[in-house]
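Peer 1: Test case, fold it:
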Amino acid sequence: MDTIKNPVEYAGAQVVQAAHGIASAYHSLQHIQETIHSPAPAVRRIGLRDLRDALEKGFDDFGAYRSDVVFVGAIYAAAGLVLARLAFGLDMLPLVFPLASGFALVGPLAAIGLYEMSRLRELGQEVSWRNAVDVIHAPSAGAIAVLGIVLITTLLVWLFAAWDIFAHTLGPATPASIGAFLHDVFFTPAGWAMIGIGVGIGFLFALFALAFGIVSFPLLVDRDVGLDTAVKTSFRATRMNPLLVAAWGLIVAAGLVLGSIPFFVGLVVVLPVLGHATWHLYRRLVA
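Peer 2: The predicted structure follows:
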């Protein structure tokens, strides 16, 4: 039977828990050093048929665990709503679209749990949404965290760049209203300049995130390889399959746009499907 702990017992338990957390973090960082420069896996050249098969299997995984995966996807959709509300509440309307498109930059990190679910299903094991958090106990958890920090930093730099683009085109004054902002965006030269520059700069950010994460994150979930090996393998797969990776990027971008309308609700389905499909695409890219 549980009992209420006194302050001393509670404080002691928190200290012990913190110590375990520090020890775990230390071992994760140590593991990164131990696996550095590990042998790189072979990378295949694949075609559009493989891309279609990966999408079909992504839908299949989503269908197999629909209730569980929707629960995970709903978390991401709710996060999108919170971010959008934050932007409106702080009079940062120009950052709403960059925030929505930012899902593409951090998508490989957000889908980590989905990779694990697809991996376990391939092995014929029972899977539930709880398996989505099992990755934090994997030997490569530290490496995954480091790569995640890189993507989160990329997102923050993109938001800073997007605000700077707005400030030098339509800004820096805060839009008077949503209607006035939309009018200025679509019916003024400055608005079209913001769109053109923003799309061009955003494409470069998206290209980096795609090449960086398309293989590195699922590879770290699948195998105990070095952080540098995972990143190099991801860029090598992109270099060997540039048209296919570009096509995948367009599919991801289109899916995220559709899923963000209205109010990010569609992401409840789009994110899980894309996450599972990315896993199956990785399985075709890496031998």
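Peer 1: only C-alpha atoms for contact and neighbour calcs from this point on.
Peer 2: OK.
Peer 1: show me where this structure has helices.
Peer 2: Secondary structure of the chain by DSSP state H: the helices cover 7-34, 48-64, 66-89, 96-101, 103-110, 112-122, 141-167, 178-187, 189-213, 216-222, 227-240, 242-259, 267-285.
Peer 1: which one of those helices has the lowest average pLDDT?
Peer 2: Across those, helix 7-34 has the smallest mean pLDDT, namely a mean of 49.
Peer 1: ok so, going back, indicate which one of the helices of the chain is closest to Ser128.
Peer 2: The closest of the helices of the chain to Ser128 is helix 66-89. By C-alpha to C-alpha, the value is 6.1 Å.
Peer 1: rewinding a little: okay, the helices of the chain in TSV with distance to Ala40 and mean neighbour count next?
Peer 2: Shown next, in TSV, are the helices of the chain (distance: least, C-alpha to C-alpha, whole Å; neighbours: other C-alpha atoms under 10 Å):
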stretch	distance to Ala40	mean neighbour count
helix 7-34	15	13
helix 48-64	22	18
helix 66-89	31	18
helix 96-101	32	19
helix 103-110	20	23
helix 112-122	20	23
helix 141-167	16	19
helix 178-187	47	14
helix 189-213	15	18
helix 216-222	11	25
helix 227-240	6	21
helix 242-259	20	17
helix 267-285	13	25
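Peer 1: how about the ones you listed, which one is nearest Pro41?
Peer 2: Pro41 sits nearest to helix 227-240 of all the helices of the chain, at 7.3 Å, using C-alpha to C-alpha.
Peer 1: so which of the helices of the chain gets nearest Asp134?
Peer 2: Of all those, helix 112-122 comes closest under C-alpha to C-alpha, at 7.6 Å.
Peer 1: How about residues contacting the closest one?
Peer 2: 61, 69, 126-129, 131-135, 217-218, 221-222, 272, 275-276, 278-279 (C-alpha atoms under 8 Å, 6 or more residues apart in numbering).
Peer 1: With stretch 144-159 instead?
Peer 2: Residues outside stretch 144-159 that contact it (C-alpha under 8 Å, 6+ apart): 95, 98-99, 102, 105-106, 109, 202, 205, 209, 217, 220, 227.
Peer 1: Columns distance to Ala287 on top of those, output as a markdown table?
Peer 2: Listed next are the contacts of stretch 144-159 as a markdown table, based on distance: C-alpha to C-alpha, whole Å:
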| residue | distance to Ala287 |
| --- | --- |
| Leu95 | 40 |
| Pro98 | 35 |
| Leu99 | 35 |
| Gly102 | 30 |
| Leu105 | 25 |
| Val106 | 25 |
| Leu109 | 22 |
| Gly202 | 31 |
| Phe205 | 28 |
| Ala209 | 22 |
| Phe217 | 15 |
| Leu220 | 14 |
| Leu227 | 18 |
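Peer 1: I'd like the distance between the residue lying closest to Ala143 once chain neighbours are set aside and Val265.
Peer 2: Distances taken as C-alpha to C-alpha, 6 or more residues apart in numbering put Leu227 closest to Ala143, at 5.5 Å, once the chain neighbours are dropped. Going from Leu227 to Val265 by C-alpha to C-alpha, to the nearest Å gives 34 Å.
Peer 1: now do Val96
Peer 2: 15 Å.
Peer 1: swap in Pro242?
Peer 2: With distances taken as C-alpha to C-alpha, Pro242 is found 31 Å from Val265.
Peer 1: same check, this time on Ile112
Peer 2: The spacing between Ile112 and Val265, counted by C-alpha to C-alpha, is 20 Å.
Peer 1: Please apply the same query to Phe97.
Peer 2: Taken as C-alpha to C-alpha, the span from Phe97 to Val265 is 15 Å.
Peer 1: List the residues that contact Val273.
Peer 2: Leu55, Gly58, Phe59, Asp61, Phe62.
Peer 1: so who does Leu170 touch?
Peer 2: Asp184, Val185, Ala190, Gly191, Met194.
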